[in-house]
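just to be clear, the model below is a prediction. Sequence and coordinates:
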Amino acid sequence: MRTAIVLFVFLLLSVALLPARNTNYESGVVVLKLRAENSFTKSSTGFADLDQRLRSFGLQEINPRFASRAKSDLNRILKVRIDPKFDALGVCNSLFGHPDLEYIEPLYIDEVLEAPDDTHYAASLNFASLQAEAAWDIHKCEDNPVIIAIVDTGVSWKHPDLAHNIWNNLGEDANGNGYTMYHNGTAWVMDPGDLNGIDDDGNGKIDDLIGWNFIADIYGTENNDPADPGTHGTRVSGLAGARTNNGIGAASLSWNPY
């Protein structure tokens, strides 16, 4: 029974170290960082036990990962070539936690990620820290759109970077054409066929086709035009739902291709 268990474990380890198909990292290469400064050569990290383990994976060559003449932590990062018959990720898993290593990982292949063509995208520094481009490669809100309520100073709903994504209150779609605002060839306007002076959706607001202005003036008068007299509400709306990858203006994290 013990022999059978040992054989099963050996088979599992062998499979884990075989080259994987469709990997996104280089074959036969691992990158490691030594825990302590040491002199290394093309064939040795300077740590006997670590070298022995690497040789068991067909150690071929050791080089600095970065060209750095100054004394720094970069000098402890090495690029190690091993026998390509061993899966690089499997080798990293096998050496994980080794006392001479701070870390070890495959050398991942650089990929071109989804980057929008909006004019001001390059100046928007927050997207990099959010890893937005990697996320956009996976999903861009194509399905199950989310309605975001912006409670602010209003919104410039005719703005070309926002108009396509402005919510249409179809409960007020009196003429049943499927929208409550549209571009008439010159500008974005509320649909005249829906401006009937009736509270069609029964929410207490008459002709609230695209939202509601709760404080239109200093007297607190309300109306159905949520236009922004300043800029704050428009900027916040742009961060949340500007139309991304349309060649103009800003990009938003939600992408929103609608």
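Ah, there it is.

paired strands for the top strand by length along the chain, with orientation please.
When the chain is parsed with DSSP state E, its longest strand is strand 25-34. The strands beside strand 25-34 in its sheet (DSSP bridges) come out as strand 77-81 (antiparallel), strand 101-108 (antiparallel).

ok, which stretches of the stretch 151-258 of the chain are helices?
Remark: helices assigned in the stretch 151-258 of the chain by DSSP state H, counting those that start in this stretch are 232-241.

where does it dip in pLDDT?
257-258 (pLDDT under 70).

ok, which stretches of it are strands?
181-183, 188-190 (DSSP state E, counting those that start in this stretch).

what packs against the first one?
Spelled out, that is strand 181-183. If you count contacts as 3 or more C-beta pairs under 8 Å, 6 or more residues apart in numbering; DSSP states H and E, strand 181-183 packs onto strand 188-190. In this view, the C-beta of every residue, glycine as well, is placed from N, C-alpha and C.

returning to what we had before: buried residues of the longest strand of the chain, list them for me.
For strand 25-34, the neighbour count (16 or more other C-beta atoms under 10 Å) marks 25-34 as buried.

do the same with stretch 193-200
The neighbour-count check on stretch 193-200 (16+ other C-beta under 10 Å) flags 194-195, 200 as buried.

now do stretch 163-178
163-169, 172-174.

what does stretch 136-143 give?
So, applying 16+ other C-beta under 10 Å, buried residues of stretch 136-143: 136, 140-141.

nearest to residue 100, of those residues?
residue 136 (39.1 Å; C-beta to C-beta).

tell me which helix or strand that closest one sits in.
Taking DSSP states H and E as the criterion, residue 136 maps to helix 132-138.

what is that helix packed up against?
Checking 3+ C-beta pairs under 8 Å, 6+ apart, helix 132-138 ends up next to no helix or strand.

from the chain's centre, how far out does it sit?
On the basis of C-alpha atoms, centre = their mean, to the nearest Å, helix 132-138 sits 4 Å off its chain's mean C-alpha point.

repeat that for stretch 27-42.
Worked out by C-alpha atoms, centre = their mean, stretch 27-42 lies 31 Å from the chain centre.

same deal with stretch 49-69?
33 Å.

same deal with stretch 198-206?
40 Å.

can you list contacts of that stretch?
169, 171-174, 194, 197, 207-208, 212, 222, 224 (C-beta atoms under 8 Å, 6 or more residues apart in numbering).
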